[in-house]
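K.L.:
just the structure for this:
(3 chains)
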Amino acid sequence: MLTSNANISKWVQTIKISWSQLTAYRVNFFLQVIGPSLVFFFIKYNLWSSIYSSQSGLIIQGYNFSQMIHYHAWSLVVSLIAGGYASHNLAEDIRMGRISSYLIYPFNFWEFHTASFISFQLLQTFISMITIAFIFSIGIFHNLSFMALIYGYLFCFLVSLMWFTLQYMTGILAFWLEETWILRVILQIMAAFLSGAILPLELYPSWLVKVLDFTPFPYLSYYPIKVFSGEISPFSGAPLIIIFWIVTFALINRFIWSRGMKLYTAAGM
Amino acid sequence: MIQTNKLKKSFKSYKKKPGFLGSIQSLYKRDYITKDAVADFDLDIPEGQIVGLLGPNGAGKTTLMKMFTGIIVPTSGEINILGHRPSDREKSFRKKIALVMGQKSQLWWDIPAMDSFLLLQKYYEISKDDFDEKIEHMSELLGVKELLHIHVRKLSLGERMKMELMASLIHSPEIIFLDEPTIGLDLVAQENIRNFIKDYHRKNNCTIILTSHYMADVQELCSKIVLILNGKKAYDGDIQDFEKLLGHEKRVSFSFKNPISNDDKYFEQYTPEWAEGRMQVELLIPEEQLRSVSSKVITNYEVEDFNTEVLPIEKVMKTLILNPEILSADK
Amino acid sequence: MNNLKHYLNVYGNFVSTSFSTAMSFRFNFILLIFMDIFFYFSSLATVSFIFDHVSAIGPWNKEQLMFFISFMLCVDHLHMTLISESFWVLSRDIKTGAMDFIILKPIHSIFSCFFRHIRTSSFCNTFVVWGCLIYYGREIELDTLSWVLLPFLVLLSFTLLALLEFIISTSMFWMTEGMGINFLRMQFQNLSRWPNFIYSSMSRRFFTMVIPVLLIGSAPVHFIIDHSKWHYLIYLVIAIVLSYIVLMYIWNRALNQYESASS
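P.N.:
Numbers count the residues shown, from 1 in each chain, chains lettered A, B, ... in the order given. Got it, this is the predicted structure:
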């Protein structure tokens, strides 16, 4: 009991420290976290209004203008909570050889970075709530249901865990790679394009959508958006598939980590 | 050569309360503090000397160096170096100076030092012949000829420091600023760097401003010392005078074969500090009596070993850093 | 003239050192090529997917918009190759104080800050982006004048983009932590990746006159598609000149208050 208490306090302390690191540079924080999403939304709002203005009553693959904006507004919220985390600190720890200090601390590397992920996630949740309130206040969300919000958040937390395990993987490849940000950017470009964050997947060629269903990508944006807007029940097969991916990635990470540690201790980097 | 007048530099920073609430608070409200890193600084350094800029951590040495080189702009006051104002950052000025920082590297990490040198050759528009001769000469002197084509990240700290020195001297600067060039180096490497600097100075007749926390560097290299305490100039003069700042006494210690009896009052006049059960003593002997007292002790007692302090300025520095009021009382 | 030779000499050295650095990390070299190609592909595919369901966006049809996207890819490509690395390095240099050495060198600090690091792997993608541009140029049947002017227009657009990004990045001197600025910079770049007519009139005016990111691609492509819109080229040149003046002014301000990280 005592040890578990001590363990919890370690986690809490780490979460607190990461929190203050995240908010240390205020303008920076704002620009980094909220800026991209807002601009992205701004571009999309303008783009779709100019597309829909060409012909009144236009419906594209079942989306009228207001539904399309609705979709993108939820996509903005989802991008904040489901897939914002980036593992550059993690990669840097390995690259700079700071990993040795984790071998001495009574707190593991993965525990430390998971704690900072949780801290990041708490902050993002907070920001996403403000964002939802803001979007609601300008009248884009007309029918917010409390249950859909709860389901949406729970679903997104699960998705964010999947994103975290994936990011973690690119981070620990730093044992072998000089620069891991390139992998992360590739992952980001692919995720943005293949997850339905840029366009609703209904607009994609149907063969491509069929292929995508076998990958983790649609679960990063398309499915959470549909859960938030109440079009898909969270009690479908989707959570199971996400859990399947989380477990798969976690196992791969464990394997990569043990190989990396062998390399690390052998070379004494 | 180097002149400053009422030089001042202040920095602004803010306080952050610890913890979660503190971080939130600092998002919207910050208490700023202004601190003078350097204030009221007047200085006049003549050409061709090696001057040691001394002081404890945070005294303002590096800030001064950065103002001298034009990296940062003074809050107020004037600097005149070789007829230039450093903060104008004229090209002609930048070609006359060099800065070496023991804690920062100007070499490119992922390529051999030679590649960085070649880039510098282009920067400073040095002719190929001059460049080749300079590299040949310096790498010979520093004994790093074989290392020129090795990636910088693979070099040891001492080897890297030698490369940093070479990088800064390629364009034959008239004034060289050395900010802790020997920091973190082993004793032999320190000595190598010192010898090189000494040699280089003798041959090229340039002016060198040096900061270091190793008094051996200062003792060996500098003819003049400028001491800075809390951003203000506390001493400016010759190194010999600096050693005598606390009086004209020499510190000598003796070890004896047997303990000296408590009744023996001979040593009392020289403020003795006893150790090891009166088998060791440290005396403060007036300079002019040094010979006579020492020979007397050696002939009258069974002396096993004796020595005078190696670095007299180290003692002076320590005393002054701990009791800066000594200097102000003096003047 | 002599000065130009000096700078060219230095630049030649930048290229060769960048190349030898890149060569010591060969796997990265390959990954970077793929990264760019993924990006190009997703930009083109997005527009193509939209046009599967609509026939025009604003006044442009599919081929015209694809030509615009390809034009921006060429500008992006120059940007990625020549300057993109520098922004991240600048933020690090200011934080670690390595900026000190850049200020000390007898060469303009803007030059050594922003042109120092060249991403040599991106050279390999030159054929990809210019291939796209030429393909869609033939689709919309460009006339001879447009073909001749095309490379120069890409260069002009790149110049404006670069100047605007330099101005934005200069604020890193005040912010210390440059990550946020870099994200902001990329957002402006994102705005420029769509033609100006999609934006509502208020925002269009702001991003044309105050922060002229919308002139980067839209100005030259409007001219190419319809030569009667030649006034767009004048706007572009004016924007370049003004941005240059602003950059020089704020860069000097920035250097004067640079504090240098303490060692």
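K.L.:
near chain B, which residues of the stretch 51-200 of chain C show up?
P.N.:
Residues of the stretch 51-200 of chain C lying close to chain B (CB under 8 Å from any CB of the partner chain) are C:96-101, C:103-107. Yep, even glycine has a C-beta here, placed from its N, CA and C like the rest.
K.L.:
PyMOL command to pick out the buried ones of these?
P.N.:
Buried residues within those, by 16 or more other CB atoms under 10 Å in any protein chain shown, are selected in PyMOL with:
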select buried, chain C and resi 97+98+99+100+101+103+104+105+106+107
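K.L.:
now the two most distant members of the residues of the stretch 51-200 of chain C next to chain B.
P.N.:
For these, with distances taken as CB to CB, the pair at the greatest spread is C:Thr96 and C:Pro106 (22.1 Å).
K.L.:
stretch A:122-134 and chain C in contact?
P.N.:
No - with CB under 8 Å from any CB as the criterion, chain C is not reached by stretch A:122-134; the gap is at least 14.4 Å.
K.L.:
and that stretch, what's buried?
P.N.:
Result for stretch A:122-134 [16+ other CB under 10 Å]: buried residues A:123-124, A:127-128, A:131-132.
K.L.:
just stretch B:192-199 next, same as before
P.N.:
B:192-194, B:196-197.
K.L.:
is chain A contacted by the least confident helix or strand in chain C by mean pLDDT?
P.N.:
Within chain C, confidence by mean pLDDT, DSSP states H and E is lowest for helix C:172-175 among all helices and strands, at a mean of 85. Yes - residues of helix C:172-175 are located near chain A by CB under 8 Å from any CB, namely C:Met175.
K.L.:
and B:Gln121, how many neighbours?
P.N.:
22 (other CB atoms under 10 Å in any protein chain shown).
K.L.:
what about chain C, any weak spots by pLDDT?
P.N.:
Low-confidence segments of chain C (pLDDT under 70): C:176, C:262-263.
K.L.:
how about the strands in it?
P.N.:
C:56-57, C:60-61 (DSSP state E).
K.L.:
by contact count, what packs against the first one?
P.N.:
Spelled out, that is strand C:56-57. helix A:35-52 (3 or more CB pairs under 8 Å, 6 or more residues apart in numbering or on different chains; DSSP states H and E).
K.L.:
can you give me the helices for the chain?
P.N.:
No chain was given, so I picked chain A. Assigned by DSSP state H, chain A shows helices spanning A:2-22, A:26-33, A:35-52, A:65-81, A:88-95, A:99-104, A:109-137, A:146-172, A:181-194, A:206-212, A:222-228, A:238-267.
K.L.:
ah, I was thinking of chain C
P.N.:
Under DSSP H, chain C gives helices at C:2-24, C:26-51, C:62-82, C:84-96, C:99-104, C:109-114, C:126-139, C:144-170, C:172-175, C:179-192, C:201-205, C:215-225, C:231-257.
K.L.:
for those, which one sits closest to A:Asn46?
P.N.:
Short answer: helix C:201-205, nearest of the helices of chain C by CB to CB, at 7.1 Å.
K.L.:
does the closest one reach chain A?
P.N.:
Yes - using CB under 8 Å from any CB, helix C:201-205 reaches chain A at C:Ser203.
K.L.:
by proximity to chain C, which residue of the stretch 101-250 of chain A wins?
P.N.:
Residue nearest to chain C within the stretch 101-250 of chain A (CB to the nearest CB): A:Phe193, separated by 3.9 Å.
K.L.:
and that residue, how many neighbours?
P.N.:
A:Phe193 has 21 neighbours, counted by other CB under 10 Å.
K.L.:
please apply the same query to C:Asn2.
P.N.:
C:Asn2: 7 neighbours (other CB under 10 Å).
K.L.:
how close does it get to A:Gln55?
P.N.:
62 Å (CB to CB, to the nearest Å).
K.L.:
repeat for A:Phe175
P.N.:
55 Å.
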